[in-house]
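Trainee: sequence and predicted structure are below.
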Amino acid sequence: MQGFPVTRAAQRKTRPSDDGLRFGEVFTDHMFTMVYEDGLGWHSPRIVPYGPFEIDPACCVLHYAQAVFDGLKAFRGADGQVRLFRGDRHAARLNRSCDMLCIPPLDPRLVEDSFAALVAVDQDWVPSKRSTALYIRPTVIATENFLGVRPSRKYLYYVILTPVGPYYREGLNPVRILATDQHVRAVPGGLGAAKTAGNYAASLYAAREAEQQGYTQVLWLDGQHREFLDEVGTMNIMLRIGDTVVTPPLSNGTILDGVTRDSALQLLRDWGIATEERPVSIHEVEEAHRAGRLTEMWGTGTAAVISPVGELGFGSARMTINGGRTGELTQRLYDAITSIQYGATNDAHGWTRLVRAPDRALTDPLPEAASVPAM
């Protein structure tokens, strides 16, 4: 457990009602920051009022995109307790992304504690309504001012919070996705397994095309053969073919190691349901649909948790899945994961972590160097 210096915001914002929450539009009163310099390492962790950074026009992140981020959530249960979901796994993934972009590693325990300490200070912002949460966005950016392609010698780690409602306006209702063989998200040997800004920028054009055709997201195919399923939008993809759940493997380095993906696979195995992590051809999907064996399809991700797919487009084909309805297993996974997140059921795998309230109320400002325990 670590404590961090805290500077309280002089004025507090108005928190929106749970019913009016959208995704990622309103931010809390405080943020966590820490800096890195060659020779000094990571230092000066602290919680400060939320506000803008001053960046030089020559700041290398603006030119060479040496930036990574992650995302997780804190949930308020019916018992009033606030829980983080799998913070250790997110801290480890953030470090893997850093390594792929030549960013110095962070202490995973400190990263976990930064999540908990910031949520503790701003826990009044954690909404209570089911399907809402406090989204946590840790980010690392290069901050040295220079022009020239090399790793930066200075970095900023920061964490911001936003109360959120459902990621998709459809909620748990099935979405329409479009498989594209015209655009690619990642290739073997690239950065597909890293959660880096460039990957998301590269996805925007195809996503816009899909939206113009009435689809919610793009189902990416592999960048080499343009045949094998990769990811769907910002999520991992799973299919129920016959009695088996299949999902693309992580071995080729093009797919993000999703925390919700891992959670879903563990639960499926707990339930005795056959799972396979293997390449899945879009042509196998078409054939399974024609044979009536493609019974369910869903995306898994932190933002949406589980997102059922009701229609898959590919070329001229339009494949309706499970009559366009949420499947039984899809619903079961969503219910099981969210029940754990909100503390409504037994957390058999120890995935959640309680956030302890700060020692003094947020309305009683603390001095500059006051320490708030991380947990």
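Mentor: Thanks, I have the structure now. Residues are numbered from 1 along each chain as shown.
Trainee: only C-alpha atoms for contact and neighbour calcs from this point on.
Mentor: Noted.
Trainee: any weak-confidence spans in this protein?
Mentor: Applying pLDDT under 70 to the chain flags residues 1, 169-171, 358-375.
Trainee: pick out the residue nearest the middle of this structure.
Mentor: Nearest to the mean C-alpha position of the chain, by Cα atoms, centre = their mean, lies residue 71 at 3.8 Å.
Trainee: grab the nearest non-local neighbour of that residue.
Mentor: Spatial nearest neighbour of residue 71, excluding adjacent residues (Cα to Cα, 6 or more residues apart in numbering): residue 137 at 4.8 Å.
Trainee: run the chain-centre distance for the helix or strand hosting the one you found.
Mentor: Per DSSP states H and E: residue 137 is located in strand 133-142. The chain centroid and the centroid of strand 133-142 are separated by 9 Å under Cα atoms, centre = their mean, to the nearest Å.
Trainee: what's the answer for stretch 212-226, then?
Mentor: Counting by Cα atoms, centre = their mean, stretch 212-226 comes out at 20 Å from the chain centroid.
Trainee: buried residues, the top helix by length along the chain. List them.
Mentor: The single longest helix within the chain, with elements called by DSSP state H, is helix 197-212. For helix 197-212, a neighbour-count test (16 or more other Cα atoms under 10 Å) marks 198-199, 203, 206-207, 210-211 as buried.
Trainee: and the protein, what are its domain boundaries?
Mentor: 3-165, 175-326 (automatic domain parsing).
Trainee: and residue 289, what does it touch?
Mentor: Under the criterion of Cα atoms under 8 Å, 6 or more residues apart in numbering, the neighbours of residue 289 are 295, 319, 321.
Trainee: export the residues you listed to CSV and tack on secondary structure, distance to residue 278 and neighbour count?
Mentor: CSV is the format used below for those (DSSP: H, G, I helix; E, B strand; the rest coil; distance: Cα to Cα, whole Å; neighbours: other Cα atoms under 10 Å):
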residue, secondary structure, distance to residue 278, neighbour count
295, strand, 18, 19
319, strand, 22, 19
321, coil, 21, 22
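Trainee: in TSV, list those residues along with distance to residue 236.
Mentor: Formatted as TSV, the contacts of residue 289 follow (distance: Cα to Cα, whole Å):
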residue	distance to residue 236
295	18
319	19
321	18
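Trainee: these two touch, right, the residue nearest to the centre of the chain and residue 136?
Mentor: Yes: in this structure, residue 71 is within contact of residue 136 by Cα atoms under 8 Å, at 5.6 Å.
Trainee: tell me where the stretch 151-300 of the chain has strands.
Mentor: Remark: strands assigned in the stretch 151-300 of the chain by DSSP state E, counting those that start in this stretch are 154-164, 175-180, 217-221, 229-232, 236-241, 244-247, 274-277, 294-301.
Trainee: would JSON lines of these with distance to residue 345 be doable?
Mentor: Output for those, formatted as JSON lines (distance: least, Cα to Cα, whole Å):
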{"stretch": "strand 154-164", "distance to residue 345": "22"}
{"stretch": "strand 175-180", "distance to residue 345": "28"}
{"stretch": "strand 217-221", "distance to residue 345": "32"}
{"stretch": "strand 229-232", "distance to residue 345": "29"}
{"stretch": "strand 236-241", "distance to residue 345": "24"}
{"stretch": "strand 244-247", "distance to residue 345": "24"}
{"stretch": "strand 274-277", "distance to residue 345": "24"}
{"stretch": "strand 294-301", "distance to residue 345": "20"}
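Trainee: contact partners for residue 180?
Mentor: Counting by Cα under 8 Å, 6+ apart, residue 180 has contacts 206, 218-221, 314-315.
Trainee: are any of these buried, and which?
Mentor: 206, 218-221, 314.
Trainee: returning to what we had before: out of the contacts of residue 289, flag the one nearest to residue 277.
Mentor: Lowest distance from residue 277 to the contacts of residue 289 (Cα to Cα) belongs to residue 295, with 17.7 Å.
Trainee: contact partners for that closest one?
Mentor: So residue 295 contacts 239-242, 289, 321-322, 327 (Cα under 8 Å, 6+ apart).
Trainee: now do residue 110
Mentor: Residue 110 neighbours (Cα under 8 Å, 6+ apart): residue 2.
Trainee: please put the alpha-carbon coordinates of the helix or strand harbouring it into CSV.
Mentor: Secondary structure assignment for residue 110, by DSSP H and E: helix 108-121. C-alpha atoms of helix 108-121 as CSV (Å, rounded to 0.1, in the frame of the first residue of the first chain):
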residue,chain,number,x,y,z
PRO,A,108,3.0,-2.5,-11.4
ARG,A,109,2.1,-2.1,-7.7
LEU,A,110,2.5,1.6,-7.9
VAL,A,111,0.2,1.7,-11.0
GLU,A,112,-2.4,-0.4,-9.2
ASP,A,113,-2.2,2.0,-6.2
SER,A,114,-2.5,5.0,-8.4
PHE,A,115,-5.9,3.7,-9.6
ALA,A,116,-7.1,3.0,-6.1
ALA,A,117,-5.8,6.2,-4.5
LEU,A,118,-7.4,8.4,-7.2
VAL,A,119,-10.7,6.6,-7.1
ALA,A,120,-10.6,6.9,-3.3
VAL,A,121,-10.2,10.7,-3.5
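Trainee: what are the buried residues along stretch 16-35?
Mentor: Neighbour counts over stretch 16-35 (16+ other Cα under 10 Å) mark 18, 21-24, 27-35 as buried.
Trainee: what do you get for stretch 319-332?
Mentor: In stretch 319-332, counting by 16+ other Cα under 10 Å, buried: 319-322, 324-327, 329-330.
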